[in-house]
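Engineer: This is a predicted model, with the sequence first.
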Amino acid sequence: MTREELQKLGLTDEQVDSVMKLHGTDVQAGQKAQQELESVIAERDGLKEQITQRDKDIKSLKKNAGDSETLTAKLDELQKQYDTDTQNLNNQLASTKKNAALVTGLSGTGARDVQDLLKFIDQEQVKLDDNGVVTGLEEQVKSLRESKPYLFSGTPTAHYQPQGGNGKGGVDIAAAINNEKVNLTDVLKDKGE
């Protein structure tokens with residue numbers, strides 16, 4: 001559907017704009033629905049693949065059902081594999097929760113960059129309880145504030161003040177350049193440059 005087609009039908013410009021706006025909304029909704037459909041299809045295909053693998057495992061077990069020892073060994077092997085997979089997933093989930101809690105905890109410390117500060121945190125000493133409360137972080141942050149204050153916002157404790165940098169004394173090079181009576185080479189030698 002184009003603007004020209006709608007105008008040929010006798011619609012005014014305002015009506016054409018309204019129809020095109022509605023059409024645009026429908027197109028966007030259709031695209032979103034297509035993306036969701038593709039996501040569901042991908043998930044479905046993954047689940048089908050898992051079911052297919054499980055069916056193969058069951059067929060293999062049925063084939064070996066005559067030999068009790070082989071069956072038991074195969075079942076034990078599969079159980080270990082599933083237990084290992086489950087443990088790995090649980091470890092990843094716990095690590096993700098801990099990292100998120102650390103980043104959240106460090107965001108309130110006044111750190112210049114939370115990711116930089118996170119590199120100095122000994123994560124083995126930090127624990128996350130069942131309620132999502134982080135323990136062992138506050139002590140490390142306090143220690144880092146003292147040993148590495150540059151990681152935190154605030155006024156720096158040491159200032160660098162170059163010679164003549166306070167605006168008092170020293171030679172104004174720009175004024176010397178513009179003064180015809182001044183020998184710039186002599187001025188630079190006196191200044192030590």
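Structural biologist: Ah, there it is.
Engineer: any idea of the mean pLDDT in the helix ranked longest in the chain?
Structural biologist: Using DSSP state H, we find that the single longest helix of the chain is helix 13-63. Helix 13-63 shows a mean pLDDT of 81 in the predicted model.
Engineer: Going by contacts, tell me the helices and strands next to the next helix-or-strand element following that helix.
Structural biologist: Per DSSP states H and E, the first helix or strand lying C-terminal to helix 13-63 is helix 68-107. When contacts are defined as 3 or more CB pairs under 8 Å, 6 or more residues apart in numbering; DSSP states H and E, helix 68-107 packs onto helix 13-63, helix 114-118, strand 127-128, strand 134-135, helix 137-147. Any C-beta I mention is one placed from the backbone N, CA and C, and that applies to glycine too.
Engineer: Could you pull out the buried residues of helix 68-107?
Structural biologist: 71, 74, 98, 101, 102, 105, 106 (16 or more other CB atoms under 10 Å).
Engineer: Between those residues, which sits nearest residue 87?
Structural biologist: residue 98 (16.1 Å; CB to CB).
Engineer: measure the closest one to residue 5 for me?
Structural biologist: Going from residue 98 to residue 5 by CB to CB, to the nearest Å gives 59 Å.
Engineer: coming back round to it: figure out which of the helices and strands packed on helix 68-107 is closest to residue 89.
Structural biologist: Using CB to CB, the helices and strands packed on helix 68-107 put helix 13-63 closest to residue 89, at 13.6 Å.
Engineer: Centre of the chain to the closest one, how far?
Structural biologist: 26 Å (CA atoms, centre = their mean, to the nearest Å).
Engineer: And the protein, what are its domain boundaries?
Structural biologist: Per automatic domain parsing, the structural domains of the chain span 1-63, 83-153.
Engineer: And residue 11, how far from residue 19?
Structural biologist: 7 Å.
Engineer: Could you do residue 60 as well?
Structural biologist: Taking CB to CB, one finds residue 60 at 61 Å from residue 19.
Engineer: repeat for residue 118
Structural biologist: Distance from residue 118 to residue 19, by CB to CB: 53 Å.
Engineer: before we move on, the earlier item: would you mind finding the most buried of the domains of the chain?
Structural biologist: Burial of the domains of the chain is given as mean neighbour count (mean count of other CB atoms under 10 Å); domain 83-153 ranks first at a mean of 13.
Engineer: State the mean pLDDT of it.
Structural biologist: pLDDT averaged over domain 83-153 gives 85.
Engineer: ends of that domain, how far apart?
Structural biologist: End-to-end distance of domain 83-153 (CA to CA, to the nearest Å): 46 Å.
Engineer: do the same with stretch 100-119
Structural biologist: By CA to CA, one end of stretch 100-119 lies 14 Å from the other end.
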